[in-house]
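[1] return atomic coordinates for the entry below.
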Amino acid sequence: MIKSYRHKGIQQFFETGSKAGIAAEHEAKLALLNVVKGPLEMDVAGWKLHQLKGELAEHWAVKVSGNWRLTFTFEGEDAILVDYQD
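    Reported below is the predicted structural model:
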């Protein structure tokens, strides 16, 4: 389950159901992230799951469109710090 957000549009989507702050085609990836228990469960063909490097080495990312990635890390079985990054 997602416990914390860095991106306000993603937070609004989960708290109110509003898709105003996200691209509608990202809904499936966000929904899956909300139920998985660890980052490797996001390794879906074509999503290009990868672990980040450097200061964000504990974070993971999946491709959402173009250069944009959905980034997150896990605390136990909960996704935290969910964000969009270019």
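
[2] ok, how many other residues are close to Lys19?
    Residues within reach of Lys19, counting by other Cβ atoms under 10 Å, total 14. To be clear about C-beta, it is placed using only N, CA and C from the backbone, and glycine gets the same treatment.

[3] tell me the pLDDT at it?
    Lys19 is assigned 93 on the pLDDT scale.

[4] now swap in the one 10 residues further on and tell me
    As predicted, Lys29 sits at a pLDDT of 95.

[5] host element of it?
    helix 27-33 (DSSP states H and E).

[6] where do the helices sit along this protein?
    For the chain, helices defined by DSSP state H occupy the ranges 8-16, 27-33.

[7] buried residues in the longest one, which are they?
    In other words, helix 8-16. Going by neighbour count (16 or more other Cβ atoms under 10 Å), the buried part of helix 8-16 is Ile10, Gln12, Phe13, Phe14.

[8] with distance to Gly76 and pLDDT added, can I get those in JSON lines?
    Listed next are the buried residues of helix 8-16 as JSON lines, based on distance: Cβ to Cβ, whole Å; pLDDT from 0 to 100:
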{"residue": "Ile10", "distance to Gly76": "20", "pLDDT": "97"}
{"residue": "Gln12", "distance to Gly76": "25", "pLDDT": "96"}
{"residue": "Phe13", "distance to Gly76": "23", "pLDDT": "95"}
{"residue": "Phe14", "distance to Gly76": "18", "pLDDT": "95"}
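
[9] between those residues, which is nearest Gly21?
    Minimum separation from Gly21 among the buried residues of helix 8-16 (Cβ to Cβ) is found for Gln12, which lies at 5.0 Å.

[10] is the closest one in contact with Leu30, as I believe?
    No: counting by Cβ atoms under 8 Å, Gln12 sits too far from Leu30 to count as a contact (11.5 Å).

[11] identify the bridge partners of the most centrally placed residue in the chain.
    For the chain, the residue nearest the mean C-alpha position is Leu70 (4.2 Å; Cα atoms, centre = their mean). Beta-bridge pairing of Leu70 under DSSP bridges involves Val62, Tyr84.

[12] having no further points to raise, I will conclude here.
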